[in-house]
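S.K.: following is a predicted model, sequence given first.
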Amino acid sequence: MAAVEKLSFDVLVVGGGIAGIETAINLGNNGLNVLLVEKDLTLGGKMIMLSKVFPTLDCGACITTPKISEVARHPNVTIFTNTVIKSIKKQDMHYFKSLLVRNPRYVIESACTGCQLCEMACPVVVPDQYQYEMVGRKAAYIPFSIACPRVAAIDIEHCTLCGACERVCPPKCIDFTQEPIEFQVIIKAVIIATGFNLFDPAQIKRFQYGQAKNIITAMQMERLLAPTRPYNHVLRPGDGKIPDKIAYVLCVGSRDRTVNNPICSQICCMYSIKQAQLLMGALPMADVTIYYINIRSYGKGFEEFYEQAKGMGVNFIKGKVGTISEKENGSLILRYEDICTGKLKEAEHDLVVLSAGVLANQDATGFFSDDRWEKDEFHFARQNDLFFNPALSSIEGVFLAGTTYGPMDIPDTILSAGAASMEAIRYIKQMALKI
Ligand SMILES: Cc1cc2nc3c(=O)[nH]c(=O)nc-3n(C[C@H](O)[C@H](O)[C@H](O)COP(=O)(O)OP(=O)(O)OC[C@H]3O[C@@H](n4cnc5c(N)ncnc54)[C@H](O)[C@@H]3O)c2cc1C
Ligand code: SF4
Ligand code: SF4
């Protein structure tokens, strides 16, 4: 590890999803110096991976990329990607000290032109995590076409050190000698915007995710529908067939005590209805059926969006799916309880999409060793004042933005980022008066 470098900023924002990006822009626009830390190679979180967004059906990438380029070019915002937080400690009432480690990309970021010649030359293919493993990527790679920064990285775990990428790189910016760099950062306030995790449907064995080839998650369907999609069409991953009968199973890992997640994920009904509408456009001849327990179309414009899907011909069955089994031809048999009649029924589909629920990302627990970082009973960050000050965490000077404190859609995430930035500004001003 290289020697520790020392830096100071007004605010540390942890997490470069839409919540962290919006918070950093707000703080920067108000004259504060911000360090935005993202553990991944690129900014954008889950939102940059979406196709279109409910309830307006705006293109996800088209509304995320202007925000990303605004934050990336903001004079008051410094961005560290591929960086992990080791600790955040309160020093006195005015300052926090954070230790971070910036991991090497093995590419000199400032020199890489994003030409992708390294990618073309690299002989190693591994599953592409940015396409949710539906296709492969190289060991020398740019995460995806609209990644920010649009700079290559070497996946050192899979790299064979063959040197093919080095030989073709025009600016000679591949550097296998790079080491992690440790930073000690002094800040006045912290925003936690580390987002959420998705439930892994493989945990529910009777749904056969990971076993049957034509069962995918809704996030995988987002990628199949996105402009930067892996197959340039909606295809079954098992055999490349264009699906005719698509089923959605809602509440997979949400509202389910058997997997220890009793909460409603709030977004799954709506993103499934959105995808069903997009599929009616992409595959006009296909039947799309949504198996649900209850449809929770609670937000502005959501009920109308639901009605619109019904009008477009999406089938809604109030049914609890018990098992999914695979036929020899790759099609799937769903056994479900028809909740309206109480009868057990079966239906055949050729592609099944599991609408996996939202889980807390508990990374922040590890950041704070001395201070009391508290979680709620579902492991999300605990809000100190739920009704009147939802951005306050259990530690004074540490604020919460986005899905770090509970499931929410993009508009609510933006609102929460606004609240967190304003609270941080108020706090820093108040502390300055106490010096
Ligand atoms: C399939 C699907 C479809 C959706 N469709 C819609 C839609 O149509 N409309 C809508 O309004 N909403 C939709 N959503 C919800 C939307 O994705 C969320 O509201 C939004 O992504 C929340 O943003 P966030 O920044 O809070 O979290 P995230 O998007 O999870 O971002 C968190 C960021 O923090 C980073 N991070 C995590 N831990 C650390 C750490 N320890 N250190 C540093 N960085 C860290 C992550 O890498 C990530 O970049 C959908 C969600 C899913 C799953
Ligand atoms: S050195 Fe590694 S990253 Fe570069 S081409 Fe060879 S395997 Fe790929
Ligand atoms: S590392 Fe070199 S070859 Fe690869 S994208 Fe960057 S400039 Fe191009």
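M.R.: Structure's in. What do you need? Ligands and ions are numbered 1, 2, ... in the order given.
S.K.: going by C-alpha atoms from here, please, whenever you check contacts or count neighbours.
M.R.: Will do.
S.K.: who in the stretch 151-300 of the chain is up against ligand 3?
M.R.: When proximity is defined as Cα under 6 Å from any ligand atom, the stretch 151-300 of the chain approaches ligand 3 at 151, 152, 169, 170, 171, 173, 174.
S.K.: if we use 5 Å, what do you get?
M.R.: Within the stretch 151-300 of the chain, the positions adjacent to ligand 3 are 152, 169 by Cα under 5 Å from any ligand atom.
S.K.: flag every residue of the stretch 151-300 of the chain that's near ligand 2.
M.R.: 159, 160, 161, 162, 163, 164, 165.
S.K.: phi, psi of the second one?
M.R.: Summarising the backbone geometry of residue 160 under the convention degrees, to the nearest 10, its torsions are phi -100, psi 0.
S.K.: where does residue 3 land on pLDDT?
M.R.: Looking at residue 3, its pLDDT reads 65.
S.K.: for the least confident helix or strand in the chain by mean pLDDT, C-alpha coordinates in CSV please.
M.R.: Lowest by mean pLDDT, DSSP states H and E among the helices and strands of the chain is strand 2-8, with a mean of 84. The C-alpha trace of strand 2-8 is given here as CSV (Å, rounded to 0.1, in the frame of the first residue of the first chain):
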residue,chain,number,x,y,z
ALA,A,2,1.3,3.5,-0.9
ALA,A,3,1.8,6.1,1.9
VAL,A,4,-1.3,7.7,3.4
GLU,A,5,-2.4,10.9,1.6
LYS,A,6,-4.2,13.6,3.6
LEU,A,7,-7.1,15.6,2.3
SER,A,8,-9.9,17.8,3.7
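S.K.: quick one: contacts of that strand?
M.R.: Strand 2-8 is touched from outside by 179, 180, 181, 182, 183, 184, 185, 186, 187, with contacts defined as Cα atoms under 8 Å, 6 or more residues apart in numbering.
S.K.: quick one on the thing from earlier: most neighbours, which of the residues of the stretch 151-300 of the chain next to ligand 2?
M.R.: With neighbours defined as other Cα atoms under 10 Å, the most crowded of those is residue 165; it has 23 neighbours.
S.K.: so it, which of the three states?
M.R.: helix (DSSP: H, G, I helix; E, B strand; the rest coil).
S.K.: quick check: closest non-adjacent residue to it.
M.R.: Nearest residue to residue 165, sequence neighbours excluded (Cα to Cα, 6 or more residues apart in numbering): residue 118, at 4.2 Å.
S.K.: SS state for the one you found?
M.R.: The three-state label given to residue 118 by three-state DSSP is helix.
S.K.: need the contact list for it.
M.R.: Shown in contact with residue 118 (Cα under 8 Å, 6+ apart): 140, 141, 164, 165, 166, 168, 169.
S.K.: for the residues you listed, give me JSON lines that also has distance to residue 291 and pLDDT.
M.R.: JSON lines is the format used below for these (distance: Cα to Cα, whole Å; pLDDT from 0 to 100):
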{"residue": "140", "distance to residue 291": "41", "pLDDT": "98"}
{"residue": "141", "distance to residue 291": "38", "pLDDT": "98"}
{"residue": "164", "distance to residue 291": "49", "pLDDT": "98"}
{"residue": "165", "distance to residue 291": "48", "pLDDT": "98"}
{"residue": "166", "distance to residue 291": "51", "pLDDT": "97"}
{"residue": "168", "distance to residue 291": "51", "pLDDT": "98"}
{"residue": "169", "distance to residue 291": "50", "pLDDT": "98"}
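S.K.: what is the nearest of the residues you listed to residue 19?
M.R.: Comparing the contacts of residue 118 against residue 19 with Cα to Cα places residue 141 closest, at 26.2 Å.
S.K.: partner residues bridging that closest one?
M.R.: Beta-bridge partners recorded for residue 141 (DSSP bridges): residue 153.
S.K.: residues in contact with it?
M.R.: Taking Cα under 8 Å, 6+ apart, we find residue 141 in contact with 116, 118, 119, 152, 153, 154, 155.
S.K.: neighbours around the fifth one, how many?
M.R.: Counted with other Cα under 10 Å, the neighbours of residue 153 add up to 22.
S.K.: thought residue 175 was touching residue 109?
M.R.: No. Here residue 175 does not reach residue 109: they are 10.2 Å apart, not a contact under Cα atoms under 8 Å.
S.K.: wait, is residue 22 part of a strand?
M.R.: No. The assignment for residue 22, made by three-state DSSP, is helix rather than a strand.
S.K.: hang on, residue 61 in a helix?
M.R.: Yes. Membership of residue 61 in a helix is supported by three-state DSSP.
S.K.: residue 337 versus that one, what's the distance?
M.R.: Applying Cα to Cα, to the nearest Å, the value for residue 61 to residue 337 is 38 Å.
S.K.: give the pairing partners of the least confident helix or strand of the chain; include direction for each.
M.R.: By DSSP bridges, strand 2-8 pairs with strand 181-187 (parallel).
S.K.: got the CA coordinates for the partner strand in CSV?
M.R.: In CSV, the C-alpha atoms belonging to strand 181-187 read as follows (Å, rounded to 0.1, in the frame of the first residue of the first chain):
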residue,chain,number,x,y,z
ILE,A,181,-3.7,4.3,-2.1
GLU,A,182,-4.8,5.1,1.4
PHE,A,183,-6.4,8.5,2.2
GLN,A,184,-7.0,10.2,5.5
VAL,A,185,-9.8,12.7,5.0
ILE,A,186,-11.0,15.3,7.4
ILE,A,187,-14.6,16.4,6.9
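S.K.: show me the contact partners of it.
M.R.: Strand 181-187 has contacts (Cα under 8 Å, 6+ apart) with 1-12, 95-104.
S.K.: biggest strand in the protein by residues?
M.R.: Longest strand of the chain, by residue count under DSSP state E: strand 315-326.
S.K.: list the contacts of the next helix or strand after the least confident helix or strand of the chain.
M.R.: Next helix or strand after strand 2-8 toward the C-terminus (DSSP states H and E): strand 11-14. For strand 11-14, contacts defined as Cα under 8 Å, 6+ apart pick out 20, 23-24, 32-38, 187-194.
S.K.: in strands, which of those residues fall?
M.R.: Cross-referencing those against strands under DSSP E gives 34, 35, 36, 37, 187, 189, 190, 191, 192.
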